[in-house]
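Enquirer: Give the three-dimensional model of this entry:
(one chain, ligands or ions: 2)
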Amino acid sequence: EKDLSEKLPLKGKKILITAGPTYEAIDPVRFIGNHATGKMGFDIANEASKLGAEVVLVSGPTSLKPKYQNINLIAVTSSSEMFEASKKHFDNSDVFIAAAAVADYKPKVVANQKIKKSDVTFVIELEKTTDILATLSLNKKKQLVIGFALETENEIENAKLKIQKKNLDLIVLNSLNDEGAGFGKPTNKVTFIDKNFTIEPMPLKSKEDVAKDILNKIIQLFYV
Ligand code: CTP
Ligand code: CA
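Expert: Ligands and ions are numbered 1, 2, ... in the order given. Down below sits the predicted model:
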């Protein structure tokens, strides 16, 4: 039995984390993005590093800086850049945590020049982005893979479906319904669901404390 109170319980473990939003270009001056700040992913990266892990943090556009110098920050802009950077580091990782708010769709064509306004309405054709989490996890070997789920209805059922569809070890379900949880907030209300569908609702906490809980879960998963 491993002592979970040991000071550096993630020493020697390589952890890959995605964070932040993605920006999908429409033309040279415009993009489709979202309100993610990256805070949840950066808090996980900081906490993992503090616990001794070797951290690679692939982040979309954000104003945040990692707390520790040895966190390997790879700054990306689009979902396809995030996918390429994550793919490069996945095989070498022990844990993959997908905390990014990746765009589900991107413009099918990116205009080379700034699009001029003309008609009253304007349609942009979108195509699906690569599901970074699902694509990497469906080819996983030894890795522990943790995803997030953002749901507004049938939360538990939908999160369970994501565990199966994306071959996850653990999903962190975000409740947007709760005051004080979600985008741009310092706090988060999450429910853990593992691959055996064990459900563990957590109280409202700071994102730093949610990050600690996630890493504690991962430490437990290493020793079961
Ligand atoms: N994710 C990803 N790549 C994508 C879309 C999502 O890696 N192109 C990851 C997110 O980082 C998150 C998980 O998949 O860990 C679930 O994201 P979410 O938006 O809740 O689910 P989707 O699978 O995109 O489904 P939907 O938005 O339709 O609920
Ligand atoms: Ca999505």
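Enquirer: For this protein, which residues are neighbours of ligand 1?
Expert: Contact residues, the chain versus ligand 1 (CB under 6 Å from any ligand atom): 18, 79, 98, 100, 102, 104, 129-133, 147-150, 162. For glycine as for every other residue, the C-beta is placed from the backbone atoms N, C-alpha and C.
Enquirer: what do you get if the cut-off is 8 Å, keeping everything else the same?
Expert: Where the chain comes near ligand 1, counting by CB under 8 Å from any ligand atom, the residues are 18, 79, 82-83, 86, 98-104, 128-136, 146-151, 158, 162, 165-166, 171-172, 174.
Enquirer: Sort out which of these are buried, if you could.
Expert: 18, 79, 82-83, 86, 98-103, 129-134, 136, 146-151, 162, 166, 171-172, 174 (16 or more other CB atoms under 10 Å).
Enquirer: secondary structure class for residue 49?
Expert: helix (DSSP: H, G, I helix; E, B strand; the rest coil).
Enquirer: From the structure, what's the count of residues near it?
Expert: For residue 49, the count of nearby residues is 21 (other CB atoms under 10 Å).
Enquirer: Do I have it right that it meets residue 72?
Expert: No - proximity of residue 49 to residue 72 does not meet the contact threshold set by CB atoms under 8 Å, at 9.9 Å.
Enquirer: so what sits against both of the two?
Expert: residue 55 (CB atoms under 8 Å, 6 or more residues apart in numbering).
Enquirer: quick one, strands of this protein?
Expert: Applying DSSP state E to the chain gives strands spanning 14-19, 24-27, 30-32, 54-59, 72-75, 95-98, 105-107, 126-128, 144-151, 170-175, 187-188, 190-194, 199-201, 205-206.
Enquirer: Any chance of a markdown table for these, columns mean pLDDT?
Expert: As requested, those are exported to a markdown table (pLDDT from 0 to 100):
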| stretch | mean pLDDT |
| --- | --- |
| strand 14-19 | 98 |
| strand 24-27 | 98 |
| strand 30-32 | 98 |
| strand 54-59 | 99 |
| strand 72-75 | 98 |
| strand 95-98 | 98 |
| strand 105-107 | 98 |
| strand 126-128 | 98 |
| strand 144-151 | 96 |
| strand 170-175 | 93 |
| strand 187-188 | 86 |
| strand 190-194 | 97 |
| strand 199-201 | 96 |
| strand 205-206 | 94 |
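Enquirer: can I get these in TSV with distance to residue 118?
Expert: Output for the strands of the chain, formatted as TSV (distance: least, CB to CB, whole Å):
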stretch	distance to residue 118
strand 14-19	37
strand 24-27	14
strand 30-32	15
strand 54-59	36
strand 72-75	35
strand 95-98	39
strand 105-107	17
strand 126-128	20
strand 144-151	36
strand 170-175	40
strand 187-188	43
strand 190-194	46
strand 199-201	51
strand 205-206	48
